[in-house]
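>>> no FASTA, just this:
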Ligand code: G1P
């Protein structure tokens, strides 16, 4: 059973500037919560008990968000604001730990994951890129839980994928598969993986979407991986080496993703999740209609 998840949050979020100048891009709000809280909730729902943040000195707001705010809680208690207090206390359950390690230099995603090695050890673990927000509404269990189940069955690394338009393949890790594409919620053996290929060289239109389950064996491979695309140490390259040794599977996701690494992605997520919000949804839907009719 996979119980640990690594969340690389050290990046400066240049695609989200100026919003991300003084606050981490992971703390930008979607409706009423910072984006990182959605990702941590997704992990908790899938049974993760240890969240390892790979972070940077300028991003302590993320750790603070998951820490107890004693003075604030005292004040809310004194004022009888029990509902708010409850909400704050339940941002993460008591049996879930948030641990942080630093990435001293921005050398790439692969390098960020390697920084978590002292905490993760040899255990299998999840990697969750916090730019990717996944809406699992209507699913019996979320995609991460589905990946964990597939990992338990096959013992193979699981890489979450979804179809993207051919002309956008250059932005992603792209996978090659043995046979037919798996149905949503199922996995199929990978035959290759390449980071940000030229569009004409992309082996398929199935892109890696920010969720991975990997064994501890990835760490020594990452330590040996040379810089690749963008002159960065790429997680995709290390997974490709691991795949050649042990095999790996692509898990086709069922949920809906929003790319919160870009400004339009934040706006889309705000629209989609705002409409469904239990208390704000009705009023927000009214606003959307009003603004849409104004053309
Ligand atoms: C990263 C990964 C890439 C993946 C993408 C979307 O790239 O390296 O393989 O497809 O996230 O999850 P980035 O968007 O950080 O450049």
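Here it is on my side, so go on. Keep in mind the model is a prediction, meaning the values are calculated, not measured.
>>> shaky segments in the stretch 1-150 of the chain?
Scanning the stretch 1-150 of the chain for pLDDT under 70 picks out nothing.
>>> list the contacts for the residue in the chain positioned nearest to the ligand?
Closest to the ligand within the chain is residue 173: 2.6 Å, counting by C-beta to the nearest ligand atom. Glycine gets a C-beta too; all of them are placed from N, C-alpha and C. Residue 173 makes contact with 159, 193-196, 207-208, 234-236 under the criterion C-beta atoms under 8 Å, 6 or more residues apart in numbering.
>>> over to residue 219?
Contact partners of residue 219, counting by C-beta under 8 Å, 6+ apart, are 114, 117, 120.
>>> got TSV for these, with distance to the ligand, secondary structure and neighbour count too?
Shown next, in TSV, are those (distance: C-beta to the nearest ligand atom, whole Å; DSSP: H, G, I helix; E, B strand; the rest coil; neighbours: other C-beta atoms under 10 Å):
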residue	distance to the ligand	secondary structure	neighbour count
114	14	helix	24
117	19	helix	18
120	19	helix	21
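>>> turn these into JSON lines, including distance to residue 48.
Listed next are these as JSON lines, based on distance: C-beta to C-beta, whole Å:
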{"residue": "114", "distance to residue 48": "20"}
{"residue": "117", "distance to residue 48": "18"}
{"residue": "120", "distance to residue 48": "12"}
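>>> and for residue 277, nearest residue in space, chain neighbours not counted?
residue 31 (5.5 Å; C-beta to C-beta, 6 or more residues apart in numbering).
>>> give me the number of neighbouring residues for that neighbour.
Residues lying near residue 31 (other C-beta atoms under 10 Å) number 17.
>>> ok, and the most crowded of the contacts of residue 173?
Of those, with other C-beta under 10 Å as the count, residue 235 tops at 29 neighbours.
>>> ok now do that residue, which residues does it touch?
Taking C-beta under 8 Å, 6+ apart, we find residue 235 in contact with 108-110, 113, 127, 173, 212, 222.
>>> which of the residues you listed lies closest to residue 293?
Within those, the smallest distance to residue 293 is 40.9 Å, found for residue 173 (C-beta to C-beta).
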